[in-house]
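*Asks:* Kindly return the folded structure for what I paste below:
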Amino acid sequence: MTITAQPVPILNDNYAWLLKDTETGATAIVDPAEGPPIIAAIEAAGGRLDMILLTHHHGDHVAATDEVRARFPCTVVGAAADAHRLPKLDIAVREGDTVALGNARGRVIDTPGHTNGQINFFFPEGPVLLSGDTLFSLGCGRLIEGTAADMFGSLAKLKALPGDTLVCCGHEYTESNARFALAVDPDNAALRARVAEVRAQRAAGKPSVPSRMADECQTNPFLLAPDIASLADVRGKKDKF
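*Replies:* Numbers count the residues shown, from 1 in each chain. Here you go, the predicted model:
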């Protein structure tokens, strides 16, 4: 079996992700924040929706949850720790829980840092990581609620995933992240190659994501940070860049 992940551009620079278990046809949408383009994408894919997966509570990730589930009755899954500030959940999950999409199983990973209650979903059948605002291509989320120690621990979990994992993040930030990454790591040949690839993708009107975890581990300045203090330093510089 295989899980496929299709980016659905929404709002100004967000992505929702349409997941499909190719064996059963079961589908899910991740972080639905704008109804019309998401509903159109689901209809274009066959009009089936089994599940909504929520990574965190911010409005640019959850705002259209009720609109989408009213159109496609489905199960809404999110973090138990954030149930009080998420749309109404049918299934509240915690670290280590699994989510069934058809015959595929997604593992829940606690990833605090951007928010205290953020979670990611990892489907080894892709392999696909739904990283929300924890890990971006060439970047990571701002520390709005959590600490550098929180984010360092979260990124350590993600770095341990297989190198061919597709990182399906919540925003099209890669070009901006690339400018900062080059400023702090100008001699990184893998990074320069990745930046050229991203520029070509964006010039052609294509998404720069998903990226591969192996590439992120070689090019992302936040994954390259060796310790909490280094991560805090890089994050502080990015905030002011």
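
*Asks:* Show me what the longest helix along the chain is in contact with.
*Replies:* Criterion DSSP state H: the longest helix present in the chain is helix 189-203. Residues outside helix 189-203 that contact it (C-beta atoms under 8 Å, 6 or more residues apart in numbering): 137-138, 174-175, 178, 181-182, 185, 207-208, 211, 215, 218-219. Using the backbone N, CA and C atoms, a C-beta is placed for each residue, glycine as well.

*Asks:* show me where pLDDT drops low in the chain?
*Replies:* Within the chain, the segments meeting pLDDT under 70 span 1.

*Asks:* which residue lies farthest from the center of it?
*Replies:* Relative to the centre of the chain, the most outlying C-alpha is that of residue 187, 27.6 Å out, by C-alpha atoms, centre = their mean.

*Asks:* Correct me if wrong: residue 92 contacts residue 80.
*Replies:* Yes - under the criterion of C-beta atoms under 8 Å, residue 92 makes contact with residue 80 at 3.7 Å.

*Asks:* about what we covered before: right, and the helix or strand after the longest helix of the chain?
*Replies:* strand 211-212 (DSSP states H and E).

*Asks:* For that next one, enumerate the helices and strands it packs against.
*Replies:* If you count contacts as 3 or more C-beta pairs under 8 Å, 6 or more residues apart in numbering; DSSP states H and E, strand 211-212 packs onto strand 166-169.

*Asks:* Only the buried residues of stretch 22-42, if you could.
*Replies:* By 16 or more other C-beta atoms under 10 Å, the buried positions in stretch 22-42 come out as 26-35, 37-39, 41-42.

*Asks:* Would you point out the most distant pair within the residues you listed?
*Replies:* Farthest pair in the buried residues of stretch 22-42 (C-beta to C-beta) is 26 and 34. Separation: 22.8 Å.
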